[in-house]
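> What shape does this take:
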Amino acid sequence: MIQTRLKGMGVALITPFKEDDSVDYDALLRLVDYQLQNGTDFLCVLGTTAETPTLTKEEKDKIKRLIVERVNGRIPILLGVSSNCTRTVVETLKNDDMTGVDAVLVAVPYYNKPSQEGIYQHYKAVAEATDLPVVLYNVPGRTGVNMTAETTLRLARDFKNIIAIKEASGNITQMDDIIKNKPVNFDVISGDDGITFPLITLGAVGVISVIGNAFPREFSRMTRLALQGDFANALTIHHKFTELFSLLFVDGNPAGVKAMLNVMGLIENKLRLPLVPTRITTFEKMRAILDELKIKC
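Got it, this is the predicted structure:
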């Protein structure tokens, strides 16, 4: 079953751009290879970290096709399919080619600020529009509304193909409530690198990671150790990354991780407006920490 495969460290893959603002497809495939070679358990493709709001339909289709071809079934692919228009998500699920996609990640509708019943009805329509497994995504810092534990659990119980939630509410009590009361066939996945370790100790099954773009081997090892109950060694790795966690998001996401990947020589430090690269002060702090960690690409 797919939920047994969406465990461990998934990576919310970035979209590399060239200096002329076009998608750097060659760099994208190199990043996919880097993930495949360094222990990543699954890929989250075309999520928020991919700067999806700035990509055209043609670019998104090409990115999806190239990644599906390159992965070739070696690890699961979780595809981001989100909109604040329910009909748009439903039509995408019904009409787009989902060959090679193992599950879809659907964020709580943003900007509209729907009620809890509105959120429930949105996901009801999504679940009924596809046979693919659906992963809920609660990220109130971006959407403007929190999906409560009660709504999450209601959806988990009512729809068999709603199999997990990527939880990024920042509310550990809420996450613990979901873990404690969820059905057996429903998983909680951390949506925040910094709380992955404590959340796994409570019963989460892994993370959809941003920092894993740059450090898949190290962060997947931390996740795996924590899932195996080796909390002491997992905590050591968690603490190694603590300062990078804060730098990662100080100038917005994915500006931080793109700066890291640029320092490592993997991509151009280029984002599409309205996002811009990290400030030079943040960039230099990252470079110093990376030198200190002596992590080589």
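
> So for stretch 106-119, what gets flagged as buried?
Val106, Ala107, Val108, Pro109, Tyr110, Pro114, Gly118, Ile119 (16 or more other Cβ atoms under 10 Å). Every residue, glycine included, has its C-beta placed from N, CA and C.

> Name the helix or strand for the last one, please.
Okay, so that is Ile119. helix 116-129 (DSSP states H and E).

> The helix or strand that comes right after that helix: partners in the sheet, and parallel or antiparallel?
Remark: after helix 116-129, the chain's next helix or strand is strand 134-138, criterion DSSP H and E. On the basis of DSSP bridges, the sheet neighbours of strand 134-138 come out as strand 103-107 (parallel), strand 162-167 (parallel).

> how big is the angle separating the first one from helix 116-129?
For strand 103-107 against helix 116-129, the angle by axes from the mean of the first three to the mean of the last three Cα atoms, to 10 degrees is 160 degrees.

> need the contact list for Gly100.
Contact partners of Gly100, counting by Cβ atoms under 8 Å, 6 or more residues apart in numbering, are Val68, Glu69, Val71, Gly73, Ile77.

> Only whichever of those residues are buried, select them in ChimeraX.
Filtering the contacts of Gly100 down to the buried ones (16+ other Cβ under 10 Å) takes a single ChimeraX command:
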select :68,71,77
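
> Filter the contacts of Gly100 down to just the ones in helices.
Val68, Glu69, Val71 (DSSP state H).

> In TSV, list the buried residues of stretch 106-119 along with pLDDT.
Below are these laid out as TSV (pLDDT from 0 to 100):
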residue	pLDDT
Val106	98
Ala107	98
Val108	98
Pro109	98
Tyr110	96
Pro114	98
Gly118	98
Ile119	98
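
> Nearest to Ala226 among the residues you listed?
For those, the closest approach to Ala226 (Cβ to Cβ) belongs to Ala107, at 25.5 Å.

> Does that closest one touch Val89 like I think?
No - contact criterion Cβ atoms under 8 Å: Ala107 and Val89 do not qualify, at 9.5 Å.

> can you list residues touching both of those two?
With Cβ under 8 Å, 6+ apart as the test, Ala107 and Val89 both reach Ser82.

> can you list the weak-confidence ranges in the chain?
1, 3-4, 293-297 (pLDDT under 70).

> what's the neighbour count on Ala259?
By the criterion of other Cβ atoms under 10 Å, Ala259 has 27 neighbours.

> And the one helix or strand it maps to, what does it pack against?
In this assignment (DSSP H and E), Ala259 forms part of helix 255-263. For helix 255-263, the elements it packs on are helix 242-249, helix 280-293, judged by 3 or more Cβ pairs under 8 Å, 6 or more residues apart in numbering; DSSP states H and E.

> Thank you, goodbye.
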